[in-house]
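K.L.:
Have a look at this fold, sequence not included:
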Ligand code: CA
């Protein structure tokens, strides 16, 4: 089992690496957000990520957002220094699987890591199906009515996000955080334009619309 630790505090990272290696794990360390995200998305055999929230270059939130937005399902355990409910909720909403508040006992971290690894789905959810739409998270492609959709990277990320949370109304705030890593006050126009483009490819050529506007709230992908 291979674990990626994204943590800029060398002491913490080394301590975790040593402990995890003693327990039979293979461990990689990235000491900033950019390298961390790069490793997480380029190495194929990472089973779990331990992610610090406050990181140079790219913070933990934006890493979780980018991973889930891009369809990566690797379990993420995030480490937060502040015991704030808002922080924990934010991490979980963005798609993290569990969290620990620093400082924590190594034994607790190990227990949580093992639980997450046990829970890891046996790649059953690589392809999501909603009506005649198929979203293949591994190959990063989408097919509707047997036709492969010609999507940009961003469009695919957006569609993958909708498909993973089919039936759930996604607010513009959540979409912008997950796909663009932007903060709450970001320009919602960007999102509306992106969704219009996505609809032109995913819905317009087909009989049934799958992406719906929920006025004043956001968007939802579902069959109606
Ligand atoms: Ca840090």
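P.N.:
That came through fine. Please read these numbers as outputs of a predicted model, since none were measured by experiment.

K.L.:
In this protein, where is pLDDT below threshold?
P.N.:
For the chain, residues meeting the criterion pLDDT under 70 lie at 120-125, 182-188.

K.L.:
Contact residues of it facing the ion?
P.N.:
Contact residues of the chain with respect to the ion, defined by Cβ under 5 Å from the ion, are listed as 8, 52, 54. Just so you know, the C-beta spots here come from the backbone N, C-alpha and C atoms, and that holds for glycine as well.

K.L.:
Tell me how many other residues crowd the second one.
P.N.:
What that stands for is residue 52. By other Cβ atoms under 10 Å, 24 other residues sit near residue 52.

K.L.:
Start the count at 35 instead of 1 going forward.
P.N.:
Okay, residue one is now 35; in that scheme the one you just asked about reads as residue 86.

K.L.:
Contacts only, for it.
P.N.:
Under the criterion of Cβ atoms under 8 Å, 6 or more residues apart in numbering, the contact list for residue 86 reads 40, 41, 42, 43, 46, 94, 112, 113.

K.L.:
Looking at the residues of the chain next to the ion, which are in strands?
P.N.:
Secondary structure assignment by DSSP state E places residue 86 of the residues of the chain next to the ion in strands.

K.L.:
Off-centre distance for stretch 142-155?
P.N.:
Relative to its chain's centre, stretch 142-155 lies at 18 Å (Cα atoms, centre = their mean, to the nearest Å).

K.L.:
again with stretch 64-80
P.N.:
In terms of Cα atoms, centre = their mean, the centre of stretch 64-80 is found 13 Å from the chain centre.

K.L.:
next one: stretch 104-121
P.N.:
Averaged C-alpha coordinates place stretch 104-121 at 10 Å from its chain's average position (Cα atoms, centre = their mean).

K.L.:
Which parts of that stretch count as buried, going by neighbours?
P.N.:
Neighbour counts over stretch 104-121 (16 or more other Cβ atoms under 10 Å) mark 104, 105, 106, 107, 108, 109, 110, 111, 112, 113, 114, 121 as buried.
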